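Requesting a structural model of the entry that follows:
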Amino acid sequence: MKCIFTIDVEDWFHILGIPSAPALEEWDKLPSRVENNYYRLLDILSEKNLKATCFFLGWIAEKYPHLVSECVSRGHEIASHGYGHKLVYKMSEKEFSDDAIISKKIIEDISGQKVNGYRSAGFSITEKCPWFFDALVRAGYKYDSSIFPARRGYGGIETAGLAPGNIKTPSGKLIEFPISVANILGMRVCFFGGGYLRLFPERVINIMARKVLLDNRPVIFYIHPRDIDPEQPRLPMNMIRRFKSYVNLRGTENKVRRLLDRYSWVTMKEFMKREFIQ
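Alright, predicted model coming up:
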């Protein structure tokens, strides 16, 4: 079973759930660090001759179209992370559909490629959004990676299945890639992305990755460009959120390099082709 490396292409100020998070109307005025950080991730992948699935925020794609072009030219898979980085469970069905459709169109127009994959901001789907998957199918998406099958501050469906598979909706089928979690003493815990990846020791991540692989599931890792940037500006927030948002930024790049060396990797598109999930 292979692992899947994914990148949520956002900037340093796209942190959810804090009062100091700038509104979309303010993003243009802020200094950006996504270009350098994303190029660093692409260069690491190029050094190791590996491909990733890159979920672009539509706003980022629109402002920095060369990042989408560079992603495509290096052979990575492009996908959508929505446009305005809004929590799904705080949007109406129409607001969500509009956001998912415009993001897809922007990325497709820049790349000249079909965008089939979607991941919501902060894995923010819950059982309170029963329209979510049908809206994605109607927007033209073929697969999704928004389910966080464990307890989470925003989003999370604790009873969701753990393995990739089909979801039936009134408008057709959709393939779901739940983010990887391991079962620890009856509790589902993520070790493989964002703050979890930065926080947990590499030895623990490898033990838990082995558990997931032995369960015949791919380990889906996810990272943001800001996760490897110790010099990024800090947003005001309480101590707990500050710890979660900025812990171990300095050591994450080397951790990622070693993880990339340790495992075999495919994109989500390649995984679907290999595992005949249709």
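
what's the longest helix belonging to the chain packed up against?
The residue-count maximum for a helix in the chain (DSSP state H) belongs to helix 93-111. If contacts are counted by 3 or more C-beta pairs under 8 Å, 6 or more residues apart in numbering; DSSP states H and E, helix 93-111 sits against helix 58-63, helix 65-73, strand 77-80, helix 132-138. To be clear about C-beta, it is placed using only N, CA and C from the backbone, and glycine gets the same treatment.

can you rerun that using 10 Å?
strand 53-56, helix 58-63, helix 65-73, strand 77-80, strand 117-118, helix 132-138 (3 or more C-beta pairs under 10 Å, 6 or more residues apart in numbering; DSSP states H and E).

Looking at those, which one is packed in the most?
By mean neighbour count, with neighbours taken as mean count of other C-beta atoms under 10 Å, strand 53-56 ranks first of these at a mean of 28.

now for it, which elements pack on it?
Under the contact criterion of 3+ C-beta pairs under 10 Å, 6+ apart, strand 53-56 touches strand 3-9, helix 34-47, helix 65-73, strand 77-80, helix 93-111, strand 117-118, strand 220-223, helix 268-275.

one more time with 7 Å
Here strand 53-56 touches strand 3-9, strand 77-80, going by 3 or more C-beta pairs under 7 Å, 6 or more residues apart in numbering; DSSP states H and E.

Quick one: distance of the shortest one to the chain centre.
For strand 77-80, the separation from the chain centroid amounts to 10 Å (computed by C-alpha atoms, centre = their mean, to the nearest Å).

give me phi/psi at the residue of the chain most remote from its centre?
Taking C-alpha atoms, centre = their mean, the residue of the chain most remote from its mean C-alpha position is Leu185, at 26.4 Å. Backbone torsions of Leu185, given as degrees, to the nearest 10, read phi 50, psi 40.

so what pLDDT did it get?
Leu185 carries a pLDDT score of 90 in this model.

One more: the one 4 residues further on?
At Val189, the model reports a pLDDT of 95.

Same question for the one 4 residues further on.
According to the predicted model, the pLDDT of Gly193 comes to 95.

With mean pLDDT added, can I get the helices and strands packed on strand 53-56 in JSON lines?
Converted to JSON lines, the helices and strands packed on strand 53-56 look like this (pLDDT from 0 to 100):
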{"stretch": "strand 3-9", "mean pLDDT": "98"}
{"stretch": "strand 77-80", "mean pLDDT": "98"}
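
Pro149: which of those is closest?
strand 3-9 (15.5 Å; C-beta to C-beta).

so what does that closest one touch, helix or strand wise?
Contacts defined by 3+ C-beta pairs under 7 Å, 6+ apart place strand 3-9 against helix 34-47, strand 53-56, strand 220-223, strand 265-266.

Could you tell me the end-to-end distance of stretch 138-154?
The separation between the terminal residues of stretch 138-154, taken as C-alpha to C-alpha, to the nearest Å, is 25 Å.

Work out the gap between that stretch and the centre of the chain.
Distance, stretch centre to chain centre, for stretch 138-154: 10 Å (C-alpha atoms, centre = their mean).

Against Ser124, how distant is the closest residue to Asn116 other than its chain neighbours?
Using C-beta to C-beta, 6 or more residues apart in numbering and skipping residues adjacent in sequence, the residue nearest Asn116 is Lys142, 4.0 Å away. According to C-beta to C-beta, to the nearest Å, Lys142 stands 21 Å off from Ser124.

Of those two, give the one with the bigger neighbour count.
More neighbours surround Ser124 than the other of Lys142 and Ser124, with 25 against 18 (other C-beta atoms under 10 Å).

Model confidence score at that one, please.
At Ser124, the pLDDT value in this model is 95.
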